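Visitor: Provided below are the primary sequence and the corresponding predicted coordinates.
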Amino acid sequence: MPPNTETQAFTTIQNGLTRKDIEERIKQGDALFIFENKVYKVNRFMNKHPGGELAIRHVLGKDVTDEIRSMHPPRVYEKMIKHYCIGDYIRELSPTSITNINARNKNNSNTNNKEDDDESPLQVDWQGGMSLEAFDTRIEQLSAKHADDIKTNTKLQKDLTMLEIRQEYQQLEQELIDRGMFECNYWRYAKECCRYVTFIYLSLWLALRGYDTWHFILSAIFMACFWHQLVFTAHDAGHNEITGRVEIDHLIGVTIANFIGGLSLGWWKKNHNVHHIVTNHPEHDPDIQHMPFFAITTRFFNNLYSTYYNRVLEFDAAAKFFIKHQHHLYYLVLSFGRFNLHRLSFLYLFFDKEVRNRKLELTGITVFFVWYSYLLSYMPSWSIVFAYVMISYMLTFPLHVQITLSHFGMSTEDLGPDESFPAKQLRTTMDVDCPEWLDWFHGGLQYQAVHHLFPRLPRHNLRQCVPLVKNFCKKTGLHYYMYNFSTGNGVVLGSMKAVADQVGLMNNVAKYNAGVWSGEKDQQEEQ
Ligand code: HEM
């Protein structure tokens, strides 16, 4: 625990700080944020913060009561944080009345949460050869429905203030605690381990004992299944959800991610923690920054500066080409996702200054390449080696689809500091529903909106929390976006197509201005 070195310069504890004071002090270089009506200063702590420096930088000057409560175990916000308090926060405007929420909710509840009723007519038919035009029309229908949902949501959100939503959110958290939802059920991990062992056993057995091509192909498929499933436990470890102790969970995570999967857990944690704080913000959230391949908003056409990568995300010729076709290339590009994760892991481990356990992580990835190469040495020919690598890597793509599905079709606006944390998470994240027997395939993490509301909630309990979150949404008037898998895909492809169409339009305008595009220009001249 770092000693309290942050309070020395503070002189106005008794008077407290207003928003204006806070802004003034931030301009002078103080790193301040507000938590439960107190102001905290973390200049010297920021670069030691277990959740990463950037996670804190993004919230400076803001009231992050909900963010802090949702991201940390109670020991952090009940004990550790006290050392950094420098005074009271003086709210200049009294909040609007918190009474009668229920009366308003009654009105709102009739217009919300219709997701169960009206999906079927819009479902995407993935079977049968669909022409590109029919495919495009279908996804346009889906995104039109989704756009209506967004309009309803924005209208209703204005009804409650941040403080009113916070109150309901804290009640929901208490209800989850009372129902034991934050308790980790280790039996679920025992079951998952059996699945992991089965997959890796079959994969190794077929690779080491196999002699026919199909043995090796099947081995690669089982390897992909193994990696695909393991990621869910690495995710829990990254969130410290398994034992609740950072060091132990970090070790579990490094073993899975680095030693078994060849990817950096540290990279993932840095990336993911920022993602949870600034979800779907085009300039800040690395999870939606995939230039030149994807742009989920036209804001990426402006050569946006990424605060995560510290560079401009150029909208160059390659980006124009890929983005124009992004809704058709979506699955193909995602099937190369695992290769990209190697690239990002190496960039992080070699060039990032903040890396903890750099040697351990590098050792882990080296061990991965040794055992994986050894396995490949059993392949009878180079063409089978190539096929093995491609199949085992590319078949993990459902995971990449699942990850992007939760956010790519959702709002990317920045509604400012007055938007409450739960409102932002529900606006930027969608849940993807599936039958309960399929939970194992999606790891339970298909309920991303619930996960974003409570990142420390064990993923095995997310499904059980859905009704409670729906109830919370009814009370607050917030919209809960939940689609089934095919509709969710349609919504994402529809919004990607909308952005892709804008590239097409831009190209036509450019050609028209340059006089190259003769078709319509000629027609206009004739008229
Ligand atoms: C003095 C203030 C703070 C202290 C002492 C603190 C401390 C910690 C600690 C000990 C952890 C590891 C959590 C664990 O044990 O499970 C953590 C994680 C984290 N912190 Fe903070 N933190 C502070 C402020 C903040 C702020 C202002 C933010 C941004 C809103 C933030 C965002 C995060 C995130 C995103 C994680 C990772 C959570 C996860 O793994 O799910 N922290 N912090």
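Guide: Nice, I can see it. This is a predicted model, so every value here is computed, not measured.
Visitor: in this protein, what residue is nearest the ligand?
Guide: With CB to the nearest ligand atom, the shortest gap between the chain and the ligand falls at Gly51, namely 2.3 Å. Where you see a C-beta, it was placed from the backbone N, CA and C, and this is true even at glycine.
Visitor: count of neighbours near that residue?
Guide: Using other CB atoms under 10 Å, Gly51 is surrounded by 19 other residues.
Visitor: so which strand or helix has it?
Guide: In this assignment (DSSP states H and E), Gly51 forms part of neither any helix nor any strand.
Visitor: now do the phi/psi pair for it.
Guide: The phi and psi torsions at Gly51 (degrees, to the nearest 10) take the values phi -90, psi 10.
Visitor: so who does the residue nearest to it when sequence neighbours are not counted touch?
Guide: Spatially, and ignoring its direct neighbours in sequence, Gly51 is nearest to Asn273 (4.8 Å; CB to CB, 6 or more residues apart in numbering). Counting by CB atoms under 8 Å, 6 or more residues apart in numbering, Asn273 touches Gly51, Gly52, Leu54, Ala55, Met71.
Visitor: closest to Ile323 among these?
Guide: When these are compared for distance to Ile323 (CB to CB), Leu54 wins out at 26.3 Å.
Visitor: and the closest one, what is it in contact with?
Guide: Taking CB under 8 Å, 6+ apart, one finds Lys270, Asn273, Val274, Thr307, Tyr308 in contact with Leu54.
Visitor: taking those residues together, which two end up most distant?
Guide: Asn273 and Thr307 (13.8 Å).
Visitor: what is the neighbour count of Thr255?
Guide: Neighbours around Thr255, by other CB under 10 Å: 18.
Visitor: so it belongs to a helix, correct?
Guide: Yes: assessed by DSSP: H, G, I helix; E, B strand; the rest coil, Thr255 belongs to a helix.
Visitor: I'd say the residue of the chain closest to the ligand and Ile68 touch.
Guide: No: contact between Gly51 and Ile68 fails when scored by CB atoms under 8 Å: they sit 10.1 Å apart.
Visitor: Gln174: how many residues sit nearby?
Guide: 10.
Visitor: mind checking what secondary structure it has?
Guide: Gln174 - assigned by three-state DSSP - is helix.
Visitor: report the contact partners of it.
Guide: Gln174 neighbours (CB under 8 Å, 6+ apart): none.
Visitor: quick one: it and Phe454, what's the gap?
Guide: 12 Å (CB to CB, to the nearest Å).
Visitor: show me where the stretch 51-200 of the chain has strands.
Guide: Using DSSP state E, counting those that start in this stretch, the strands found in the stretch 51-200 of the chain span residues 85-88.
Visitor: and if you look at the stretch 251-400 of the chain?
Guide: Under DSSP E, counting those that start in this stretch, the stretch 251-400 of the chain gives strands at 305-306, 311-312.
Visitor: any figure for the gap between the residue positioned nearest the centre of the chain and Ala500?
Guide: Centroid-nearest residue in the chain: His275, 5.5 Å away (criterion: CA atoms, centre = their mean). Between His275 and Ala500 the computed distance is 24 Å (CB to CB).
Visitor: count the neighbours of Gly244 for me.
Guide: 13.
Visitor: so it sits in a helix?
Guide: No: under three-state DSSP, Gly244 falls outside any helix and is assigned coil.
Visitor: next, it: phi, psi?
Guide: Dihedral angles for Gly244 - degrees, to the nearest 10 - are phi 80, psi 0.
Visitor: from Glu92, how far off is Gly262?
Guide: On the measure of CB to CB, Gly262 and Glu92 end up 53 Å apart.
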